[in-house]
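[1] Provided below for reference: sequence and predicted model.
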Amino acid sequence: MGDVDRRPESAEALVRSLYAEHGRSLLAYATRLTGDRAAAEDVVQETLVRAWKHADDLTSGKGSVRGWLLTVARNIVTDRARARAVRPAEVAEIADRPPVEGDHSEAVVNSMVVLDALDQVSPEHREVLVELYYRGRSVTEAAKELGVPPGTVKSRSYYALRALRTVMGPGAEVAR
């Protein structure tokens, strides 16, 4: 996109095109700044909301769109860090209570995505991945369980992970 369409049909169309072109790099930048994927997604969303509010500025042709987006994202991260710094410290948890478990919804969604992807690879690849990653077996143990040589397990796991990456799409994090 580099140059924004000077006559977008609407501010919403502009934001969609900004996200399509700059979303991944914006998320990577925000993740690097925050160190937290969920916080980075919030920063990207807020950045795109601000882009929507300032659509006229972005379509004026002055300056780099990507530079504007990255600057806004950096400013949002800075503002949030400053806000946290002035907030009073929270009361420590009571020692005799177990710590509160974090939200596990992301892990559930990730499991569902991986299970769906596993259904789309060959049975031989699925078997190897289940033995190595789900059951936690070594290559030798998996080979014995599957009745194939260890070299076959290694080869199948390599190609199985490549197939999973293809099925899950770009940007998917699959074990290496």
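    Cool, the structure landed.
[2] check which helix or strand covers Arg50.
    Using DSSP states H and E, Arg50 sits in helix 37-53.
[3] Give the other helices and strands that that helix contacts.
    Of the remaining helices and strands, those touching helix 37-53 by 3 or more Cβ pairs under 8 Å, 6 or more residues apart in numbering; DSSP states H and E are helix 11-34, helix 65-86. Every residue, glycine included, has its C-beta placed from N, CA and C.
[4] Which of those helices sits closest to Val113?
    When those are compared by Cβ to Cβ, helix 11-34 sits nearest Val113, at 17.2 Å.
[5] so the closest one versus helix 37-53, what angle?
    Going by axes from the mean of the first three to the mean of the last three Cα atoms, to 10 degrees, helix 11-34 is angled at 150 degrees with respect to helix 37-53.
[6] And for helix 11-34, what's in contact with it?
    Helix 11-34 has contacts (Cβ atoms under 8 Å, 6 or more residues apart in numbering) with 1, 4-5, 8, 37, 39-41, 43-44, 47-48, 51-52, 55, 58-59, 65-66, 69-70, 73-74, 77, 171.
[7] Please apply the same query to stretch 36-49.
    Here stretch 36-49 makes contact (Cβ under 8 Å, 6+ apart) with 15, 18-19, 23, 26-27, 30-31, 33-34, 69, 72-73, 76-77, 80, 106.
[8] on that earlier part again, got the buried residues for the helix holding Arg50?
    Within helix 37-53, the residues that count as buried by 16 or more other Cβ atoms under 10 Å are Ala40, Asp42, Val43, Val44, Glu46, Thr47, Leu48, Arg50, Ala51, Trp52.
[9] Equivalent analysis for stretch 154-161, please.
    Burial within stretch 154-161, assessed by neighbour count using 16+ other Cβ under 10 Å, is assigned to Arg156, Ser157, Ala160, Leu161.
[10] Can you add distance to Pro149 and give those residues back as JSON lines?
    Formatted as JSON lines, the buried residues of stretch 154-161 follow (distance: Cβ to Cβ, whole Å):
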{"residue": "Arg156", "distance to Pro149": "11"}
{"residue": "Ser157", "distance to Pro149": "13"}
{"residue": "Ala160", "distance to Pro149": "16"}
{"residue": "Leu161", "distance to Pro149": "19"}
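[11] Between the residues you listed, which sits nearest Gly136?
    Looking across these and measuring by Cβ to Cβ, the closest to Gly136 is Ser157, at 13.3 Å.
[12] Settle this for me: the closest one is touching Val128, isn't it.
    Yes. Taking Cβ atoms under 8 Å as the definition, Ser157 is a contact partner of Val128 at 5.0 Å.
[13] picking that back up, now the angle from the helix holding Arg50 to helix 65-86?
    120 degrees.
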